[in-house]
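A.B. asks: sequence? don't have it. structure:
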C-alpha cells in the first residue's frame, strides 16, 4: 500500500526521508521555505552531499513520485501523512529550540481548520525533539481544531548516519514509532514494511519513550567516543597504545567494535546538540545525567588537547607559521561542518598567531561561508603543503589514508604531522624521519 506523504523541511533528515519514501512507491511532496533550494531540488540537484542521494532523487522525480514546493497549503492538501523534519538547534542554555516545530504545527492546524476539517491526518515528529514535544504538538491541534479533531500525532525518530544516510534509511537496523493509536501504528508499519523485509524490528512505543530513545542513542554513542578520547590521554602518559586497547575491548560483544576510535572528538548536527539537550532536560527535571555531562566536557577538551599539541611543539615560533590542514567536515562522506572539530582547532591556532591553509573533499564551500578570507583554501590535498611547517589531519577521508609520504616529506618545510584521526603507523613514519603526533598512541618526536 502506498501513501501520500508530505515532508516539511528538507535538511539532512527531510531530503533523505522524502526521497527514500518515494523510492518505495509513495507519492511524496517535500516543503521548504527556501525558493532557490526548492528550484534546485526540482532539477534533481541535492542540497547536501550524501552518497547515492542524487541518483535516487532524480529517479523518483522522473517517475513522478517526488516533488518539491514552498507552499505548505499544497503539502497539507496532498498528504495523509505529514512528517515534520524541522531544525531543533540548541539554545544558549543547551535546550532544544522548538520554535520551528511549533510554528509549523500551528500553521498546519490553521490550514486544516479552514480547508480540510473533514480529512484525517497523521502528523509525525521526525525531528529530534525533547521528551514531551509530542504532547505539545498534540495540544496545538486540540486547541485550534477542538477535542474531536481528526489529527493523530506520533513520533518517529530517525537514526541516520551522515555519509551513510541513504543506506540507513533504506535498510534501517530498527524503526521506532511512538503512538498510542493502533490504527496509526498499523499504517506506519505498512509504510515501513518495504524497509524491514530483512527482519529489522519495528518497535511501537508510547510517544515519550520514542522521544527519549533518540536522545539516549546519540548520547550513549557520544559517551563511547568520549570514553575512548579520555582514555587516549591516559595511554599517552603511561606509554600504552589506544589502538591496541580499542582492539582488545572492541572484541568483547558486550562492548562492540564501533564508536571506539580515539581522535578529535565528535561533531555534526546530532551528537553535540542532542547531548546538550538531554543534559538540559535531565537537569530541568531534577535528575542530572552526570555521565552525559562528563562526555560533553571530555569532547570539548579533546579538541583543545589536539590544538595544544601543535602550540606546545612550536611554542612562540607558531606566530606567522603556515599550517596545512586536511579535513574540514566533521566526518568523511559529508559536507556538513556543523560543530566540526576542525573549526575549533582552526580558531585556537589562528588565535595563537598561525595561518591555516586547508583542503577537504566536500566541505570547502561551507567552510568559506564561515571563515571567509581568515584562512586559505587549496584545490588539492598536496597544494596545502608548499610553505607549510606541518600537516594537521582533522577528518579521515579515504584519500588521506595512504598519501605519498615522499611527497609530504619533500614539500613540507618540516617533516611534522599532527594526526587527529590516528590514520598512520607511528613506527613507519619514524623510519621515514617524520615527527608524528597522534591521539593516544606512541608520540614519535
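C.D. replies: On my side now, so go ahead. Quick caveat: nothing in here was measured; it's all calculated off a predicted structure. Numbering: from 1, shown residues only.
A.B. asks: so how far is the top helix by length along the chain from its chain's centroid?
C.D. replies: In the chain, assigned by DSSP state H, the helix with the most residues is helix 207-238. Taking the mean of its C-alpha atoms, helix 207-238 sits 15 Å from the chain's own mean (CA atoms, centre = their mean, to the nearest Å).
A.B. asks: before we move on, what about stretch 320-332?
C.D. replies: Its chain's C-alpha centre lies 19 Å from the corresponding centre of stretch 320-332 when counted by CA atoms, centre = their mean.
A.B. asks: Then stretch 357-366?
C.D. replies: Worked out by CA atoms, centre = their mean, stretch 357-366 lies 17 Å from the chain centre.
A.B. asks: And the average pLDDT for that stretch is what?
C.D. replies: The average pLDDT for stretch 357-366 rounds to 96.
A.B. asks: End to end on that stretch, go ahead and measure it.
C.D. replies: 15 Å (CA to CA, to the nearest Å).
A.B. asks: Show me which positions of that stretch end up buried.
C.D. replies: Of all the residues in stretch 357-366, those buried under the rule 16 or more other CB atoms under 10 Å are 357-364, 366. Every residue, glycine included, has its C-beta placed from N, CA and C.
A.B. asks: Residue 97: which of these is nearest?
C.D. replies: Closest approach to residue 97 among the buried residues of stretch 357-366 (CB to CB): residue 366, at 21.1 Å.
A.B. asks: The closest one reaches residue 335, doesn't it?
C.D. replies: Yes. At 5.7 Å, residue 366 counts as touching residue 335 under the criterion of CB atoms under 8 Å.
A.B. asks: Can you get me the start-to-end distance on stretch 113-121?
C.D. replies: This stretch, stretch 113-121, spans 12 Å end to end (CA to CA).
A.B. asks: now swap in stretch 415-434 and tell me
C.D. replies: Distance across stretch 415-434, first residue to last, is 5 Å (CA to CA).
A.B. asks: Residues touching it, excluding its own?
C.D. replies: 242-243, 261-264, 306, 309-310, 313, 327, 341, 345, 389-396, 400-401, 405, 408-409, 435-444 (CB atoms under 8 Å, 6 or more residues apart in numbering).
A.B. asks: again, only this time at 7 Å
C.D. replies: Residues outside stretch 415-434 that contact it (CB atoms under 7 Å, 6 or more residues apart in numbering): 243, 262-264, 306, 309-310, 389-394, 396, 400-401, 405, 409, 435-439, 441-442, 444.
A.B. asks: How about stretch 224-232?
C.D. replies: In contact with stretch 224-232 (CB under 7 Å, 6+ apart) are residues 242, 245-246, 259-262, 265-266, 295, 298-299, 302, 439-440.
A.B. asks: Any idea how far stretch 19-38 is from the middle of the chain?
C.D. replies: With CA atoms, centre = their mean, you get 20 Å for stretch 19-38.
A.B. asks: buried ones in that stretch?
C.D. replies: 19-24, 26-32, 37-38.
A.B. asks: for those residues, which one is nearest residue 90?
C.D. replies: Of all the buried residues of stretch 19-38, residue 90 sits closest to residue 32, with 21.6 Å by CB to CB.
A.B. asks: Ramachandran coordinates for that closest one?
C.D. replies: In this entry, residue 32 is assigned phi and psi values of phi -150, psi 150 (degrees, to the nearest 10).
A.B. asks: How about it, nearest residue that isn't a chain neighbour?
C.D. replies: The spatially closest residue to residue 32, leaving aside those adjacent along the chain, is residue 10, at 4.4 Å (CB to CB, 6 or more residues apart in numbering).
A.B. asks: Please tell me I have it right and the one you found contacts residue 28.
C.D. replies: No. Using CB atoms under 7 Å, residue 10 is not in contact with residue 28; the gap is 11.1 Å.
A.B. asks: What's the first helix or strand after the one helix or strand residue 134 maps to?
C.D. replies: Here residue 134, judged by DSSP states H and E, is contained in helix 133-145. With elements assigned by DSSP H and E, the helix or strand that comes after helix 133-145 is strand 151-155.
A.B. asks: got the angle between that following strand and helix 207-238?
C.D. replies: For strand 151-155 against helix 207-238, the angle by axes from the mean of the first three to the mean of the last three CA atoms, to 10 degrees is 20 degrees.
A.B. asks: avg pLDDT for stretch 426-440?
C.D. replies: Mean predicted lDDT for stretch 426-440 stands at 95.
A.B. asks: Give me the buried positions along it.
C.D. replies: 426, 429, 434-440.
A.B. asks: Kindly report the same for stretch 54-68.
C.D. replies: 54, 56-58, 60-61, 65-68.
A.B. asks: who touches that stretch?
C.D. replies: Outside stretch 54-68, the residues that reach it (CB under 7 Å, 6+ apart) are 18-20, 22-23, 26-30, 38, 41-42, 44, 46, 166.
A.B. asks: go on, stretch 191-208?
C.D. replies: Against stretch 191-208 from outside (CB under 7 Å, 6+ apart): 3, 24, 131-132, 134, 154-155, 170-180, 185, 189, 213.
A.B. asks: Mind checking which of these land in helices?
C.D. replies: 134, 170, 185, 189, 213.
A.B. asks: List the residues that contact residue 397.
C.D. replies: Applying CB under 7 Å, 6+ apart, one finds that residue 397 lies in contact with 327, 332, 361.
A.B. asks: Now tabulate those in JSON lines and tack on distance to residue 105 and secondary structure.
C.D. replies: Below are the contacts of residue 397 laid out as JSON lines (distance: CB to CB, whole Å; DSSP: H, G, I helix; E, B strand; the rest coil):
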{"residue": "327", "distance to residue 105": "38", "secondary structure": "coil"}
{"residue": "332", "distance to residue 105": "36", "secondary structure": "coil"}
{"residue": "361", "distance to residue 105": "38", "secondary structure": "coil"}
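A.B. asks: Residue 3 is in contact with residue 21, correct?
C.D. replies: No. Using CB under 7 Å as the test, residue 21 is too far from residue 3 to be in contact (8.1 Å).
A.B. asks: related to what we said a few turns ago, which of the buried residues of stretch 426-440 sits closest to residue 103?
C.D. replies: The closest of those, once distances to residue 103 are taken by CB to CB, is residue 439, at 42.2 Å.
A.B. asks: in terms of contact, does the closest one touch residue 263 like I think?
C.D. replies: Yes. Residue 439 is in contact with residue 263 according to CB under 7 Å; the separation is 5.5 Å.
A.B. asks: Number of residues surrounding residue 135?
C.D. replies: Using other CB atoms under 10 Å, the number of residues around residue 135 comes to 12.
A.B. asks: ok, for it, nearest residue in space, not its chain neighbours?
C.D. replies: Take residue 135 and drop its neighbours on the chain: the residue closest to it by CB to CB, 6+ apart is residue 207, 7.2 Å away.
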